[in-house]
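# 3D, please:
(chains A, B, C and D)
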4 protein chains.
Amino acid sequence: MTDAPASVSNDGGALRVLVWNEGVHERRNEPPTMERDYPQGIHGAIADALEARLPGARIATATLADPEHGLVESVLEQTDVLLWWGHVAHDEVSDEVVARVQRHVLAGMGFVVLHSGHHSKPFRALMGTTCNLRWRNAGERELVWTVDPTHPIARGIPSPIVIPAQEMYGEQFDIPKPDDLVFVSSFAGGEVFRSGATWTRGRGRIFYFSPGDQEYPVYRQAEIGDVLANGVRWVAQPDVPRAVVPVENPAEGWFAGA
Amino acid sequence: MTDAPASVSNDGGALRVLVWNEGVHERRNEPPTMERDYPQGIHGAIADALEARLPGARIATATLADPEHGLVESVLEQTDVLLWWGHVAHDEVSDEVVARVQRHVLAGMGFVVLHSGHHSKPFRALMGTTCNLRWRNAGERELVWTVDPTHPIARGIPSPIVIPAQEMYGEQFDIPKPDDLVFVSSFAGGEVFRSGATWTRGRGRIFYFSPGDQEYPVYRQAEIGDVLANGVRWVAQPDVPRAVVPVENPAEGWFAGA
Amino acid sequence: MTDAPASVSNDGGALRVLVWNEGVHERRNEPPTMERDYPQGIHGAIADALEARLPGARIATATLADPEHGLVESVLEQTDVLLWWGHVAHDEVSDEVVARVQRHVLAGMGFVVLHSGHHSKPFRALMGTTCNLRWRNAGERELVWTVDPTHPIARGIPSPIVIPAQEMYGEQFDIPKPDDLVFVSSFAGGEVFRSGATWTRGRGRIFYFSPGDQEYPVYRQAEIGDVLANGVRWVAQPDVPRAVVPVENPAEGWFAGA
Amino acid sequence: MTDAPASVSNDGGALRVLVWNEGVHERRNEPPTMERDYPQGIHGAIADALEARLPGARIATATLADPEHGLVESVLEQTDVLLWWGHVAHDEVSDEVVARVQRHVLAGMGFVVLHSGHHSKPFRALMGTTCNLRWRNAGERELVWTVDPTHPIARGIPSPIVIPAQEMYGEQFDIPKPDDLVFVSSFAGGEVFRSGATWTRGRGRIFYFSPGDQEYPVYRQAEIGDVLANGVRWVAQPDVPRAVVPVENPAEGWFAGA
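Numbers count the residues shown, from 1 in each chain, chains lettered A, B, ... in the order given. Model (predicted):
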């Protein structure tokens, strides 16, 4: 991993958000509800939700099929927050792009990882664990409870959020201990899940949020959009120069007499 | 708060455990199921569970009605781990005894707080928060899920533990962020709860575990006994001298040339 | 502890900051450098530093000698952030006022605790520990290093801050594990200290920052003022209704079939 | 990353420890003090220190030059704790071996990473960050202070440990927030460093400890050996079956009526 350019920063302008989606369910129209629930794709629905809540922000999208998945160096340099949705094509993401994304997160880019993105290569590289979990697709009711009411991501969010039908994700979720555990979900079948969690890595901030799936119109639910917007605001550090923590080798210290 | 004696320690002998119970439900036989579920009192059932699992340990009990609630200085000095069950008589615990318990915990005594003990004076004094929570007594099924499989308290514990009927405790639970979050529960009614959590305070270790109630025979369930025994083992530091972190005012440092 | 009024909030106006100082060193002019270093008192110097950095904020001060130490209910209701400096008169702060301050912090008021305030009653009540530490007053050079570069309190702060002369505070510092450890200091004599740390308690945010003393003009150093202003911004939640986490007892849940 | 065998466990026998050293300084006799300070190699000195303190344990060593660096699958399956020392040849460690080590740590093998091993491939893979730091090789006095007196790794360790001459490692150290911060060091030149820290990843436990270098006989210092032995004991989970957290897809839940 080489260092990011020493200084890439937002010149005081609009927040620059990039919604990345592998976009495979959309191309295959699979499940067949995709066309109804996500006519502009999952990324389109997420972008819409953010645009409605982040006035002035510039929201762009990119997918796996774009050259270098739409994640070339110059694009990441101009991105304050990257959101990531992937599911069936994690292995098709090139390792070079993964290393680039990881480097930018460590250098200060915000990173919001969604639902089945728990198994995406960049998230696993940043976590260091398998990110395995328990799951069942039975259209269960999910309740998303706030456990950290002081966290900015929870601000204005009702507790619980009631999601009428959703894929179940349950513990054991193989992640490092979160810096902040914001939300914990229960499912009708009885499982629990740490559904909203944050970490810092290097100079970057990461938010994982599990609700949202190709089969259920969760990203069109108002409270979910509110959480996504709060998450984007929290991971964004547009005024922080983009650079990884350096290796330093100073000859001088504060030795007595020096 | 004055300092504990500089050195109170277990001379290599048996682990000394004290199960404290306010003992009011027992005296009132209220609910009427007490006599059937807890013929020796809640403290008796807990002591039995520990005796069966901690061979060689010396298990004693004490209640609110004892002189100074059975928690005089000489008893605490000879206690490696104190378990605390209270519910309807928190206010009757004297502030002097609370300060004594807090001092011993900060000086290294292990402290296991059970169920409605979340509102006990010593727990609140150690946490610094209200320890308020959400509750409903409807005999709901509780599932206790392990979220930290590396924690010694989770060793050998099935995930989930299924408790057929229990009082519901739910979030928001107003506690400081746990050092380790070991268990998270769900209830049939949909709530979630951080049901097993640990903290260190001073030189002491604290474990809070919510399952267990006067109305349900939870403490006689095998897996619950296993958790209690693991908890006692984890908070116990019998070989650590009993003393709070001191104020120190050394004249000397490691100044260059000194 | 009774609940705070259910809803006390800032109606979108200026940030309201209250700098509390026991004010005893000032009255005694002890040490004699007080007059030169802090002609308006330590609280005056802190208020000046904040006014220069928080345009639009309303900065007030209060001292031990004021009626109820200047901390009556109506004042705290109108305070977004309380800063606390105390040293020789901790015991003179009334327990009633301490309980009031604790309740407001748990209900959402920001709390910044400075230097010898580590032994103040409200900080100890919120931490639950002795807050003891190691100290030596020898005018040593302190270096304040950033260990969490993603924390908003560290934004724009050089690492290290060099404080030419300061009282040494060293480990063991008997505090609960911080939620975020922002700064760690070293001293010329070799000690280290967790000099900048944050916690959340209830719905409130707390920042402890150790640099600053009655004998050294630390609060007039530019970088220290920057940290204080960052700390005030971080603990402030002016738009969050002021209320402790409630006890809730809902009859209804999300029972299947209900 | 494929799953580890579902069940590899210690059949109640001796603790099995493997000390891994790249062994390049030894082959080159560089610095020339190697022969004097570490006649059996750095791994030899560490193995000696552990043997003296862990009676009954089986201590083995391996180096980069061994086939597959001595870290073939059958060896790791029979290893409860792996210690890692590397410095100038991190890049020569094969990626296949790195993935194997990472998998075994996530499946429950203890991992102790030493000094310049902060930049080793397995540590970086498990942390997800650059693990960059500040350094200066000037033979400075290091003081290692305990900040968490309740941690088993700190048991019996004096605070501070005084290391007369050592390479300086300083903040910013680019690691994820430790689960437990056990030791913080200061150096004669004024820098500070989080020199002893733990994390859990998957089902495994990790301890990083910075003191120790090819140029200074630190591993022959008694207190350092004590820390290493405490660290080995703490990361060891010989009775825990070796398996990563699985993906599970249960059809059944605890649905009401089911």
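
# can you give me the helices for the stretch 101-250 of chain A?
Ranges of helices within the stretch 101-250 of chain A are A:121-127, A:222-235, based on DSSP state H, counting those that start in this stretch.

# which of those is buried the deepest?
By mean neighbour count, with neighbours taken as mean count of other CB atoms under 10 Å in any protein chain shown, helix A:121-127 ranks first of those at a mean of 23. Where C-beta positions appear, they are placed from N, C-alpha and C, glycine not excepted.

# list the helices and strands that helix packs on?
Judged by 3 or more CB pairs under 8 Å, 6 or more residues apart in numbering or on different chains; DSSP states H and E, helix A:121-127 is in contact with helix A:95-106, strand A:110-114, strand A:192-201.

# what does it rub up against?
Contacts with helix A:121-127, where a contact means CB atoms under 8 Å, 6 or more residues apart in numbering or on different chains, come from A:84, A:90, A:93, A:95, A:98-99, A:101-102, A:105, A:111, A:113, A:117, A:130-131, A:175-176, A:199, A:201, A:206, A:208, D:128.

# Let me know the secondary structure of A:Asp91.
helix (DSSP: H, G, I helix; E, B strand; the rest coil).

# mind listing what it touches?
Contacts for A:Asp91 (CB under 8 Å, 6+ apart) come out as none.

# And for A:Trp145?
A:Ser159, A:Pro160, A:Phe183, A:Val184, A:Ser185, A:Ser186, B:Gly170, B:Glu171, B:Glu191, B:Val192.

# next one: A:Val24
The neighbourhood of A:Val24, defined by CB under 8 Å, 6+ apart, consists of A:Leu64, A:His87, A:Val88, A:Ala89.

# before we move on, the earlier item: winner for burial among the helices and strands packed on helix A:121-127?
Burial of the helices and strands packed on helix A:121-127 is given as mean neighbour count (mean count of other CB under 10 Å); strand A:110-114 ranks first at a mean of 27.

# chain center to it: distance?
Strand A:110-114 sits 1 Å away from the centroid of its parent chain (CA atoms, centre = their mean, to the nearest Å).

# surely A:Trp209 meets A:Gly196?
One thing to correct before we go on: residue A:209 is Phe, not Trp. Yes: with contact defined as CB atoms under 8 Å, A:Phe209 reaches A:Gly196; the gap is 5.2 Å.

# one step back: output the helices of the stretch 101-250 of chain A in CSV; the columns should cover mean pLDDT.
What follows is these, written out as CSV (pLDDT from 0 to 100):
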stretch, mean pLDDT
helix A:121-127, 98
helix A:222-235, 98
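
# okay, the helices and strands packed on helix A:121-127 in a markdown table with distance to B:Arg28 and mean pLDDT next?
Compiled in a markdown table, these are given as follows (distance: least, CB to CB, whole Å; pLDDT from 0 to 100):
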| stretch | distance to B:Arg28 | mean pLDDT |
| --- | --- | --- |
| helix A:95-106 | 59 | 98 |
| strand A:110-114 | 53 | 98 |
| strand A:192-201 | 35 | 98 |
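
# okay, stretch A:113-121 in PDB with CA atoms only?
Taking Å, rounded to 0.1, in the frame of the first residue of the first chain, the C-alpha atoms of stretch A:113-121 are listed here in PDB:
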ATOM      1  CA  VAL A 113     -20.900  -0.100   4.000                       C
ATOM      2  CA  LEU A 114     -24.400  -1.500   3.400                       C
ATOM      3  CA  HIS A 115     -26.100  -4.800   4.100                       C
ATOM      4  CA  SER A 116     -24.500  -7.600   2.100                       C
ATOM      5  CA  GLY A 117     -21.400  -5.400   1.600                       C
ATOM      6  CA  HIS A 118     -20.300  -7.000   4.900                       C
ATOM      7  CA  HIS A 119     -18.600  -9.600   2.700                       C
ATOM      8  CA  SER A 120     -17.200  -7.100   0.200                       C
ATOM      9  CA  LYS A 121     -13.400  -7.100  -0.200                       C
END
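
# Quick check: A:Ala222 vs A:Val147, distance?
The gap separating A:Ala222 from A:Val147 is 21 Å, by CB to CB, to the nearest Å.

# With A:Arg233 instead?
From A:Arg233 to A:Val147 the distance is 20 Å (CB to CB).

# re earlier: please name whichever of the helices and strands packed on helix A:121-127 is nearest to A:Leu15.
The closest of the helices and strands packed on helix A:121-127 to A:Leu15 is strand A:110-114. By CB to CB, the value is 9.5 Å.

# Tell me which strands that closest one pairs with, and in which orientation.
In its sheet, strand A:110-114 lies beside strand A:81-85 (parallel), strand A:204-209 (parallel), with partners assigned from DSSP bridges.

# Need the residues that contact the first one.
Read it as strand A:81-85. Here strand A:81-85 makes contact (CB under 8 Å, 6+ apart) with A:15-22, A:42-43, A:46, A:76, A:101, A:104-105, A:109-117, A:120, A:122-123, A:212, A:228, A:232, A:235-236.

# What of the last one?
Residues external to strand A:204-209 that are found in contact with it (CB under 8 Å, 6+ apart): A:104-115, A:117-118, A:123, A:126, A:153, A:175, A:183, A:195-200, A:227-228, A:231, A:234-235, A:237, C:150.

# ok, now with 7 Å
The contact list for strand A:204-209 (CB atoms under 7 Å, 6 or more residues apart in numbering or on different chains) reads A:105-114, A:118, A:126, A:153, A:195-199, A:227, A:231, A:234-235, A:237, C:150.

# same thing with stretch A:61-71?
A:18-24, A:43-44, A:47, A:89, A:92-93, A:97, A:100-101.

# If we go by neighbour counts, what in it is buried?
Using 16 or more other CB atoms under 10 Å in any protein chain shown as the test for burial, stretch A:61-71 gives A:Thr61, A:Ala62, A:Thr63, A:Leu64, A:His69, A:Gly70, A:Leu71.

# same thing with stretch A:147-157?
By neighbour count on 16+ other CB under 10 Å, the buried set for stretch A:147-157 is A:Val147, A:Asp148, A:Pro149, A:Thr150, A:His151, A:Ile153, A:Ala154, A:Arg155, A:Ile157.

# Excluding sequence neighbours, find me the nearest residue to A:Pro158.
Ranked by CB to CB, 6 or more residues apart in numbering or on different chains and with sequence neighbours excluded, the top spatial neighbour of A:Pro158 is A:Glu223, at 6.2 Å.

# what about whichever residue of chain A sits closest to chain B, neighbour count?
Closest to chain B within chain A is A:Ala256: 3.4 Å, counting by CB to the nearest CB. A:Ala256: 15 surrounding residues under other CB atoms under 10 Å in any protein chain shown.

# thought it was touching B:Trp254?
No: with contacts counted by CB atoms under 7 Å, A:Ala256 stays clear of B:Trp254, the gap being 10.2 Å.
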